[in-house]
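> sequence first, predicted coordinates after that:
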Amino acid sequence: MPTVADSSAPSAQQDWVSRYADEVIAESERRAPGKPVVVASGLSPSGPIHLGNLREVMTPHLVADEIRRRGHEVRHLISWDDYDRYRKVPNGVPGTDASWSEHIGKPLTSVPAPAGSAYPNWAEHFKAAMVEALGEMGVEFDGISQTAQYTSGVYREQILHAMKHRGDIDAILAQYRTKKAPAKQQQKPKDEAEVEAAEGSGAASEDDGSGGAGGYYPYKPFCGQCGKDLTTVTSYDDESTELAYTCTLDGYTETVRLSEFNRGKLVWKVDWPMRWAYEGVIFEPSGVDHSSPGSSFQVGGQIVSIFGGEQPIGPMYAFVGISGMAKMSSSKGGVPTPGDALEIMEPQILRWLYARRRPNQSFKIAFDQEIQRLYDEWDKLAGKVADGSVLPADAAAYSRAVGTAAGELEPTERPLPYRTLASVADVTAGDERQTLRILAELDPENPVTDLSVVRPRLDKAETWISKYVPAESRTVVRSEPDTEALAALDEESRKSVQLLLDGLDSHWSLDGLTHLVYGVPKVQAGFPADATAKELPAEIKVAQRTFFALLYHLLVGRDTGPRLPTLLLAVGADRVRRLLGA
């Protein structure tokens, strides 16, 4: 796979990643000179962590990697918000049923994993899949379990400080409780999926600690009896740190010393800015809904000063969609995850999708036929990199896709066109012997002699065909000739089929068959087979489409199918002759 120069070179400084890296380095030197640069992401393993959540990780990852390439020490923190409350049972998660609703209100790490899982709890089950995908994509990070942080007392001083300054926090929050966002015109109504994806961790819908009978408290204990956070703090003494609470679910009451108590957490809108200050975060992105008054990011920008910190810089990122699918939500089953995407595309391609678009630009990830066009675009870019004609910003995005500061990701040694591999996989149903035969005949002068050189791209294409192409769209080659259709052919159609059959042996390669199938209608119309489009009347295109439809019907019983040259190679010369009536 072609490579490009280090993306920190001046010629590559035109992309969004480099601009943010400049700002982050400067801001880090101002706030914490001599210390590692800290960037952060937050993920809630409340269900499948989807491709929209991945933007929460990839945005700081790309910036952190650019900073590493420039020789700076940098930490990318991923806070696993596994001490968040279990809010609802996601739809469509295998191994769960309605009985999981009894756990609503417990920390995610206290909820059983789906039945059959190898992991000890709900959070670890969904975290594991994301960790595996990030490893495949070359994303380096320091993971922080918020369950471990809270239950070990790491945040004790911060919690006591928040309780001491609860009046100041309440005053900030009060500015927004009755403030409504200005009316905005929207093309589509906002749904729950959009809100969840925008808020990033998924915890932002929690309450802010207001509404308690004993006043405002930014801390919420988990009940000592039922283990849920359906509790109300009724009193707190700053001197002794004695805190009393009541569980609104079962009536359980308890009085504890907060200076020794670790079974609870700060409410989300206080928890997030507390962590900014504690970790010294310089850069962290946020979802688009943080532009509204009272959003977690905006409120946090004021609350963070109570903890002696500053709000991170960072963009608001737009939604990530799926071709042919509705908006994604981690609370709904069947939503594609990074692991799903990596089954059908190489990690370089998935990295490229996030690197080439600015964070505020939405984009879609293709699980339908568009994936073939995406790969064509990627291969064309690789060609431009190889011949030096690539634009600087495109070169930077390519460089960030194919590797990191630690080195290049393992590429496919011989990256044949994805659409070709998909067509072969479609016709052969994954039969390795047939696949190798066809790939060896694509380019007789440089034949594929071992399938390992076309992997992992071949594997991705085979998975796409088997999992995402509907059965009715799969290609099934006829087992016997359609004698009735052959007998009904008019004279011109017979001649076109014979011209194809006469040229098979001398054109038996991908390029040769391409030339042949496009050339037959030209020759029949009295033009040279290699005549260009500019030299031909418009009627020739119509004749080509008619000829292609005829071949598809005789070979696979439909009017369309895989690219004809690939299909012919896949079927094999002898079988093509038999099906075409030779």
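Nice, I can see it. Numbers count the residues shown, from 1 in each chain.
> and the residue nearest the centre of the chain, how far is that from residue 452?
Nearest residue to the geometric centre of the chain (Cα atoms, centre = their mean): residue 51, 3.1 Å. For residue 51, the distance to residue 452 equals 29 Å [Cβ to Cβ, to the nearest Å]. All C-beta spots, glycine's among them, are computed from the backbone N, C-alpha and C.
> kindly report the same for residue 420.
For residue 420, the distance to residue 452 - Cβ to Cβ - is 17 Å.
> and residue 371, by the same measure?
For residue 371, the distance to residue 452 - Cβ to Cβ - is 23 Å.
> who's more crowded, these two?
residue 371 (23 against 12; other Cβ atoms under 10 Å).
> in the one helix or strand the more buried one maps to, what's buried?
Per DSSP states H and E: residue 371 is located in helix 370-387. Within helix 370-387, the residues that qualify as buried by neighbour count (16 or more other Cβ atoms under 10 Å) are 371-372, 374-375, 378, 381-382, 385.
> repeat for stretch 494-505
496-497, 499-500, 503-504.
> starting at the chain centroid, how far to stretch 219-237?
Centroid separation between stretch 219-237 and its chain, computed with Cα atoms, centre = their mean, to the nearest Å, is 37 Å.
> repeat that for stretch 493-502.
With Cα atoms, centre = their mean, you get 47 Å for stretch 493-502.
> again with stretch 244-253
41 Å.
> from the rest of the structure, what touches it?
Here stretch 244-253 makes contact (Cβ atoms under 8 Å, 6 or more residues apart in numbering) with 105, 221, 223-226, 228, 230-236, 254-255.
> straight-line length of it, end to end?
7 Å (Cα to Cα, to the nearest Å).
> on that earlier part again, the buried residues of stretch 494-505 in helices, which ones?
496-497, 499-500, 503 (DSSP state H).
> quick one: which of those is nearest to residue 46?
Closest approach to residue 46 among these (Cβ to Cβ): residue 500, at 57.4 Å.
> so what's the closest one closest to, chain neighbours aside?
residue 520 (5.5 Å; Cβ to Cβ, 6 or more residues apart in numbering).
> give me the buried positions along the helix or strand harbouring the one you found.
Element membership of residue 520 [criterion: DSSP H and E] is helix 510-524. Within helix 510-524, the residues scored as buried using 16+ other Cβ under 10 Å are 510, 512-524.
> so which of the buried residues of stretch 494-505 is the closest to residue 302?
residue 500 (73.6 Å).
> packing partners for the helix holding residue 371?
helix 347-355, helix 392-402, helix 418-428 (3 or more Cβ pairs under 8 Å, 6 or more residues apart in numbering; DSSP states H and E).
> any chance of CSV for the buried residues of helix 370-387, columns distance to residue 88?
Listed next are the buried residues of helix 370-387 as CSV, based on distance: Cβ to Cβ, whole Å:
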residue, distance to residue 88
371, 32
372, 37
374, 34
375, 37
378, 38
381, 42
382, 44
385, 46
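> can you redo the residues you listed as CSV with pLDDT and distance to residue 341?
Shown next, in CSV, are the buried residues of helix 370-387 (pLDDT from 0 to 100; distance: Cβ to Cβ, whole Å):
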residue, pLDDT, distance to residue 341
371, 96, 10
372, 95, 15
374, 97, 11
375, 98, 13
378, 98, 14
381, 98, 19
382, 97, 20
385, 97, 23
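> give the contact list for the residue nearest to the centre of the chain.
Applying Cβ under 8 Å, 6+ apart, the residues near residue 51 are 320, 322, 328, 336-338, 340-341, 365.
> touching, residue 113 and residue 122? I think so.
Yes: if you go by Cβ atoms under 8 Å, residue 113 and residue 122 touch, sitting 5.6 Å apart.
> which secondary structure state does residue 364 sit in?
strand (DSSP: H, G, I helix; E, B strand; the rest coil).
> just confirm residue 83 is within a strand.
No: when three-state DSSP is applied, residue 83 is found to be coil, with no strand at that position.
> how close does it get to residue 125?
16 Å.
> so who does residue 309 touch?
273, 276-278, 280.
> among the residues you listed, who's most crowded?
residue 273 (29 neighbours).
> model confidence over whichever strand or helix holds that one, on average?
Secondary structure from DSSP H and E places residue 273 in helix 268-279. Mean pLDDT, helix 268-279: 97.
> which elements pack onto the helix or strand that it is followed by?
Under the assignment DSSP H and E, the closest C-terminal helix or strand after helix 268-279 is strand 286-287. With contacts taken as 3+ Cβ pairs under 8 Å, 6+ apart, strand 286-287 sits against helix 192-199, strand 316-317.
> which ones are touching the residue nearest to residue 527 when sequence neighbours are not counted?
Closest residue in space to residue 527, ignoring its immediate chain neighbours: residue 536 at 6.1 Å, by Cβ to Cβ, 6+ apart. By Cβ under 8 Å, 6+ apart, residue 536 lies in contact with 522, 525, 527.
> what's the neighbour count on the second one?
By that I understand residue 525. Residue 525 has 13 nearby residues by other Cβ under 10 Å.
> pLDDT at it, what is it?
91.
> likewise the first one?
At residue 522, the model reports a pLDDT of 94.
> hang on, isn't it packed against residue 540?
Yes: counting by Cβ under 8 Å, residue 522 touches residue 540, with 6.1 Å between them.
> do I have it right that residue 418 meets residue 462?
No: contact criterion Cβ under 8 Å: residue 418 and residue 462 do not qualify, at 11.0 Å.
> more neighbours: which of those two?
residue 418 (26 against 22).
> OK, contacts around the more buried one?
So, once contact is read as Cβ under 8 Å, 6+ apart, residue 418 ends up touching 371-372, 375-376, 379, 457, 460-461.
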